[in-house]
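Visitor: Requesting a structural model of the entry that follows:
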Amino acid sequence: MRHQKNKLTLDRASAPRKALMRGLAESLILFEKITTTKAKGRATRSQVERYITKAKQNTLAARRHLLSKLPAKNVVKKLLEVLGPRYAERKGGYTRVTLLNHRVGDGAEEVLVELI
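Guide: Numbers count the residues shown, from 1 in each chain. Modelled structure (predicted):
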């Protein structure tokens with residue numbers, strides 16, 4: 001039984017799920033908005049908010065932690081130099097999830113995830 005198991009598995013094994021989340025997070029950080037399904041958007045939102053909170057510190061330890069989670073150096077650079085200072089005064093809630101239409105092919109709910 002799965003009582004009190006709250007991890008979003010997204011119907012994937014561990015490694016493909018981590019790769020998917022890393023790719024979605026990198027796209028959201030670079031382009032500042034993505035369109036995806038509702039479950040993936042909610043999972044991406046929580047990860048990106050943690051990354052932005054860590055980037056607000058702008059220390060060497062924060063940079064190394066972000067590089068261990070996001071191997072693309074241009075993404076970490078944008079987090080530390082652009083997004084960290086932008087949200088320096090904000091306590092949280094850096095992203096917005098807006099419900100869009102259902103996808104034509106399979107009827108999945110689509111959302112727009114964007115940085116505020």
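Visitor: What mean pLDDT does stretch 9-25 get?
Guide: For stretch 9-25, mean pLDDT is 94.
Visitor: What residues sit buried inside it?
Guide: 17, 20, 21, 22, 24, 25 (16 or more other C-beta atoms under 10 Å). To be clear about C-beta, it is placed using only N, CA and C from the backbone, and glycine gets the same treatment.
Visitor: how about the strands in the chain?
Guide: Assigned by DSSP state E, the chain shows strands spanning 33-37, 95-102, 109-115.
Visitor: tell me the angle the last one makes with strand 95-102.
Guide: What that stands for is strand 109-115. Per axes from the mean of the first three to the mean of the last three C-alpha atoms, to 10 degrees, the angle that strand 109-115 makes with strand 95-102 is 150 degrees.
Visitor: Tell me which residues of strand 109-115 come out buried.
Guide: So strand 109-115, judged by 16+ other C-beta under 10 Å, has buried residues 110, 111, 113, 114, 115.
Visitor: Show me how far that strand is from its chain's centre.
Guide: Centroid separation for strand 109-115 versus its chain: 11 Å, with C-alpha atoms, centre = their mean, to the nearest Å.
Visitor: got it, and stretch 88-103?
Guide: Between the centre of stretch 88-103 and the centre of its host chain there is 10 Å, according to C-alpha atoms, centre = their mean.
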